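*Asks:* fold the following, please.
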Amino acid sequence: MNQTAIPTFTTEETLPLKTEPIKINAHKVPYLSSLTALRGIAALLVAVFHFEMAVARFVPAASSMFFEKCYLMVDLFFIMSGFIMMHVYRDQFKDSIQVEPLKNFFVARFARVYPLHIFSLLLLVVIVRYLTDWGNPPILLEQPSDILPNIFLLHSFGLTNIYSWNIPSWSISAEWAAYLLFPVIALCINKKRTISVIIFLGLIVFAYYAIMYMLPRKNPINPAIPVPHNLNTTFDYGYIRGIAGFTVGVLVYLLYELKAFRKAFSSDFVSLILILGIVLCLHFALNDGITVLLFAALVLSFTANQGSIAKFCNLKFMQFLGNISYSVYLMQIFLQEPFSHGAYLPGTVGVGRGKQNIDLFPGLMYCLVYLVLLILISYVTYRWVEGPSRRFINRIWGKVN
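*Replies:* From the prediction side, this is the model:
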């Protein structure tokens, strides 16, 4: 059985709440609305992936591996994150790493990812340990000893024995690791672009190859089962995966800066071909490295596009999905939690995480209800947790114009 991934990044990434230019001190950068919509789509696909893992699988792997491989949407999050960090913050580390820009960067990143992470984690702990009997005795995924690594965003560094508590949040730990390195990455590229690009490309290839073929990965539930040669590493080497994907996004942004590349990737046709290629890669479970390469091209294509793809992405509902995507990513655990503790949907057969199966049409109906509920919950946390806490932290400790 594959390790459960989440996405989140979360990767999750930071974009402003409104479709206006982003202001960083006195410098304005254009708002990349297409990536907001793409982030929303990716978050929903991660949610469906976890529905199939935790609740009921309605598309058998023998028919299609599409949803089975949607753990790769987290890598898309990481790529978008690196791309946007370069777009927004690159000039803050143009000549040197100074204290004030560095502080503002980390305050803004902390305000973006941590409040909802700690809110969802503590809420889950309260539900499991105090409001229900689910924690007596605790299941493998909810050990009390794993709470502290989750609190300190260390749960993608191999300090736990399995993906734990709010499972998708491992990618927030990996994302934070990438944030810690970003000022150095940006400075290197700003000062020595050619050699930096060569070195970073080499490190990216090595990191992905190591995850798939070299690192001593084990199935956390049954170590006797061989781990597939894929990128679905989470609690153990997730930080490597996150940094690699983030750096891919940084390098893609350098291509985006070149007019010739923007023009070559700007047509609807290119975007649709890339989408088709990604769908086929997921459906046939091709090598994860190929999918990541297509993700990188897709980010460039969506950002450069000014045609029908851009119009679709700018629809109010698509922007809404993108804005609440971080909540979608982290709050999905609460709809899956009962099924981790023995609940079953009518019509499911099989026992165990990832082994409950259900027929296509009832499973599809349940999944749609699940997504609607998740969107409603996510709107509430976006409106009353994410936004207010982000603004409060930036107002108190940051310097955001």
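*Asks:* look at the residue nearest to residue 201 when sequence neighbours are not counted and report its pLDDT.
*Replies:* Nearest residue to residue 201, sequence neighbours excluded (C-beta to C-beta, 6 or more residues apart in numbering): residue 251, at 6.9 Å. Where C-beta positions appear, they are placed from N, C-alpha and C, glycine not excepted. Residue 251 carries a pLDDT value of 97.
*Asks:* quick one: residue 251 is in a helix?
*Replies:* Yes: counting by DSSP: H, G, I helix; E, B strand; the rest coil, one finds residue 251 located in a helix.
*Asks:* contact partners for residue 129?
*Replies:* 135, 144 (C-beta atoms under 8 Å, 6 or more residues apart in numbering).
*Asks:* correct me, but the residue nearest to residue 201 touches residue 197?
*Replies:* Yes: with contact defined as C-beta atoms under 8 Å, residue 251 and residue 197 form a contacting pair (6.3 Å).
*Asks:* the more surrounded of these two?
*Replies:* residue 251 (21 against 15; other C-beta atoms under 10 Å).
*Asks:* my read: residue 134 touches residue 339, true?
*Replies:* No: counting by C-beta under 8 Å, residue 339 is not a contact partner of residue 134; they are 11.5 Å apart.
*Asks:* counting contacts, what elements does the longest helix anywhere in the chain pack onto?
*Replies:* Using DSSP state H to define each element, the chain has its longest helix at helix 99-126. Judged by 3 or more C-beta pairs under 8 Å, 6 or more residues apart in numbering; DSSP states H and E, helix 99-126 is in contact with helix 147-151, helix 170-191, helix 325-331, helix 333-340, helix 360-381, helix 387-397.
*Asks:* so which elements touch the third one?
*Replies:* Same thing as helix 325-331. Partner elements for helix 325-331 (3+ C-beta pairs under 8 Å, 6+ apart): helix 33-54, helix 99-126, helix 360-381.
*Asks:* switch the cut-off to 6 Å
*Replies:* Contacts defined by 3 or more C-beta pairs under 6 Å, 6 or more residues apart in numbering; DSSP states H and E place helix 325-331 against helix 33-54, helix 360-381.
*Asks:* neighbours around residue 276, how many?
*Replies:* Residues lying near residue 276 (other C-beta under 10 Å) number 11.
*Asks:* which SSE is it in?
*Replies:* Using DSSP states H and E, residue 276 sits in helix 268-284.
*Asks:* list the buried ones in that helix?
*Replies:* 268, 270-271, 274, 277-278, 281-282 (16 or more other C-beta atoms under 10 Å).
*Asks:* so what pLDDT did residue 137 get?
*Replies:* Predicted confidence (pLDDT) for residue 137: 89.
*Asks:* correction: residue 22
*Replies:* The model's pLDDT for residue 22 equals 47.
*Asks:* likewise for the one 5 residues further on?
*Replies:* The per-residue pLDDT reported for residue 27 equals 51.
*Asks:* repeat that for the one 10 residues further on.
*Replies:* At residue 37 the predicted local distance difference test score is 95.
*Asks:* got a list of what it touches?
*Replies:* Residues near residue 37 by C-beta atoms under 6 Å, 6 or more residues apart in numbering: 313, 318, 322.
*Asks:* look up phi and psi at residue 135.
*Replies:* With angles defined as degrees, to the nearest 10, residue 135 sits at phi -90, psi 10.
*Asks:* ok, it - how many residues close by?
*Replies:* 17.
*Asks:* distance of the nearest residue to residue 139 once chain neighbours are set aside from residue 62?
*Replies:* Excluding the flanking residues, the one nearest residue 139 by C-beta to C-beta, 6+ apart is residue 340, at 6.6 Å. In this view, residue 340 and residue 62 are 25 Å apart by C-beta to C-beta, to the nearest Å.
*Asks:* which of the two has more neighbours?
*Replies:* Taking other C-beta under 10 Å, residue 340 and residue 62 do not tie; residue 340 has more neighbours (18 against 6).
*Asks:* look up the pLDDT of that one for me, please.
*Replies:* 87.
*Asks:* and what of the one 3 residues further on?
*Replies:* The predicted local confidence for residue 343 comes out at a pLDDT of 85.
*Asks:* over to residue 6?
*Replies:* 34.
*Asks:* of the helices and strands packed on helix 325-331, which approaches residue 211 most closely?
*Replies:* helix 33-54 (18.5 Å; C-beta to C-beta).
*Asks:* residues near the closest residue to residue 179 other than its chain neighbours, how many?
*Replies:* Spatially, and ignoring its direct neighbours in sequence, residue 179 is nearest to residue 109 (4.8 Å; C-beta to C-beta, 6+ apart). The local packing of residue 109 (other C-beta under 10 Å) involves 20 other residues.
*Asks:* any idea how far residue 109 is from residue 248?
*Replies:* Going from residue 109 to residue 248 by C-beta to C-beta gives 19 Å.
*Asks:* which strand or helix spans the nearest residue to residue 176 once chain neighbours are set aside?
*Replies:* Of all residues not flanking residue 176 in the chain, residue 153 sits nearest, at 4.8 Å (C-beta to C-beta, 6+ apart). Take DSSP H and E as the rule and residue 153 turns out to sit in neither a helix nor a strand.
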